[in-house]
Every structure is written in structure tokens, then in C-alpha cells.
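S.K.: build me a model:
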Amino acid sequence: MNTPDKTNGASRGDIWFDLLAGDFVQRTGQCPSVRVADGTLHGEPVRAIAVVPDPGNHYPRAVRGEVGLLEGWTLGKTVAEAVEQDRGKSVKRTILAIIDVPSQAYGRREEAFGIHLALAAAAGAYATARLAGHPVIGLIVGKAMSGAFLAHGYQANRLIAINDRGVMIHAMGKASAARITLRTVEELEKLASTIPPMAYDIANYKTLGLLEDLIDVADPVHPTAVEVENARNAVLRAIESTRAGGVTLSNRLGSPNRASTSLVRERMREQWRE
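M.R.: Below is the predicted model of the structure:
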């Protein structure tokens with residue numbers, strides 16, 4: 001079972017949302033598991049969004065910060081709302097996704113009621129915001145797992161992560177991955193040490209070229225004021241880089257571990273031109 005890191009009952013997503021957007025204007029009326037606020041970071045207009053645990057969630061599979069039906073549709077709505085409100089403005093506000101999501105919400109009701117549509121709506125809204133000129137920045141402070149990460153954060157122009165063992169990024173949990181590959185968890189970890197895309201730790205993930213920055217924080221649940229300011233500055237650098245670099249995700253292709261991807265893309269372009 002995935003349980004969030006807690007301090008006074010708060011998850012990492014809760015903690016970092018308060019640290020970065022606690023003095024913003026809080027949006028109300030949405031489901032309690034999605035926090036949304038508008039404000040400025042050193043003059044940059046920002047809408048911050050986080051998915052957080054909700055013990056009273058109507059769907060038991062989504063009480064620990066998982067992204068389920070309510071969360072998917074709400075993410076889509078709040079991101080699309082920002083796009084519509086900023087339509088025609090010369091400076092589009094940044095969408096800051098604060099990411100601590102242990103999984104998508106697996107359940108019969110979720111499947112029956114179309115969780116695939118809810119999560120697609122969220123991912124689509126983030127992609128639309130990016131293509132409309134909103135800098136979309138993902139700050140990974142905890143787990144970024146499975147369809148939850150695809151729905152909340154993966155469409156970001158730039159991804160930033162805390163350099164900590166508790167930060168994990170993968171398509172599925174270790175126990176599930178071990179079962180599906182017919183290995184023990186220990187065997188899976190040994191395999192992952194030699195194949196970066198199979199690994200869970202943030203250091204291996206960085207070698208894939210998908211991270212803009214890693215932030216050193218000694219204790220992500222109790223960061224110092226200096227560490228929080230470093231995170232703000234990393235977000236601001238990512239916003240500046242995004243505004244200068246445009247709306248594509250081509251910045252993810254420069255890593256040596258993505259050389260084959262770049263080669264395939266180039267060969268496809270050559271064939272297309274022919």
C-alpha cells in the first residue's frame with residue numbers, strides 16, 4: 001500500500017503547495033483532493049495545482065492522493081479554465097503542477113465510470129495549455145507513478161525534481177512490476193540498476209534527459225527557508241527557459257540515453273522527405 005510522507009497529516013504535495021502557493025488566492029469549490037491557487041512568484045503569474053490525499057473521498061481508491069475520476073476531471077477543468085481566462089493575453093500565466101501522486105485510482109467503479117476519459121481530459125488540458133503558450137512546469141516532490149503522472153505533470157514543458165530517495169518515477173509500483181516481469185522485487189531492482197528506464201530512483205531518471213533540474217533538499221518534509229527559495233528559483237529558471245524555448249518538448253531529446261530516439265526521429269524525417 002502506498003502511504004504519503006506525513007507531517008501533521010499532510011502529504012509532500014500538501015506541504016510544498018503551502019510552501020510555494022500558501023499566500024496565493026485559493027480557488028474553492030472543487031473536490032478537496034485537488035488544490036488550486038493563483039498568485040505570483042517574483043512577478044511571474046502562476047496557477048499552482050496539487051493532488052493531495054482526501055480521507056473523505058467518495059472513491060475509496062483515491063483517498064491517499066491517487067488520481068481518480070474526480071481528480072482527473074477537476075484537473076482538466078482548472079487547467080482549461082486558466083487557458084480560457086488568459087486567452088488573448090500577451091503573457092500567459094504559468095501552470096505549476098506540484099507532483100506527489102502514488103498511482104492512478106484502480107477500482108471497478110473507476111473503470112466502469114471511465115477513468116481513462118478523466119485522466120485523458122487532464123493530460124489533454126495540460127497539453128492544450130502548453131501549446132497555447134502557458135509555461136507548464138512540473139515540480140516532483142514525492143511519487144510520480146503510473147497514469148497519475150501522465151495526467152498530472154508529464155505534459156510539462158520542464159520537469160524539476162527534489163533529489164531524494166522518496167522521489168520515484170515509474171509506470172508502476174515495484175511489486176506490480178515484479179509480478180508482471182515474473183521476478184522478485186530484489187531481482188527487479190538488480191535489473192533496474194543496469195537499465196535506466198527500468199529504475200525508480202530520480203538519479204537514473206535524470207539520465208533520460210527528461211529533467212530540467214534536480215534540487216537538493218535534506219528533508220523534503222521539513223525543508224529550510226533556503227531550500228524553499230532554491231526551489232522557487234528553479235521554477236523561475238524553468239519558466240524563463242520555457243518562454244525562450246517555445247511550446248515543444250524537444251528539450252527532452254538531448255540525453256545520451258535518448259540517442260536511439262533521436263536517430264529514429266531523424267530517419268523518419270528523411271523517409272518522409274523522400
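
S.K.: surely Ala161 meets Val217?
M.R.: No - contact criterion Cβ atoms under 8 Å: Ala161 and Val217 do not qualify, at 10.2 Å. Glycine gets a C-beta too; all of them are placed from N, C-alpha and C.

S.K.: more neighbours, those two?
M.R.: Ala161 (26 against 21; other Cβ atoms under 10 Å).

S.K.: how about the secondary structure of the closest residue to the more buried one other than its chain neighbours?
M.R.: Nearest residue to Ala161 in three dimensions, chain neighbours excluded: Ile140, at 4.0 Å (Cβ to Cβ, 6 or more residues apart in numbering). Taking DSSP: H, G, I helix; E, B strand; the rest coil as the rule, one finds Ile140 in the strand state.

S.K.: Ile140: neighbour count?
M.R.: 29.

S.K.: surely it and Ile160 touch.
M.R.: Yes - if you go by Cβ under 8 Å, Ile140 and Ile160 touch, sitting 7.0 Å apart.

S.K.: the residue nearest to Ala161 bridge partners, please.
M.R.: Ile99, Ala161 (DSSP bridges).

S.K.: pull the contacting residues for it.
M.R.: 99-100, 153, 159-162, 167, 169, 202 (Cβ atoms under 8 Å, 6 or more residues apart in numbering).

S.K.: please apply the same query to Lys92.
M.R.: Counted by Cβ under 8 Å, 6+ apart, Lys92 has contacts 86, 129, 132-135.

S.K.: again, only using 6 Å
M.R.: 86, 133-134 (Cβ atoms under 6 Å, 6 or more residues apart in numbering).

S.K.: how close does the closest residue to Arg183 other than its chain neighbours get to Gly43?
M.R.: Sequence neighbours aside, Leu191 is the residue nearest to Arg183 in space, at 7.0 Å (criterion: Cβ to Cβ, 6+ apart). From Leu191 across to Gly43, the span is 47 Å (Cβ to Cβ, to the nearest Å).

S.K.: right, I'll call it a day here.
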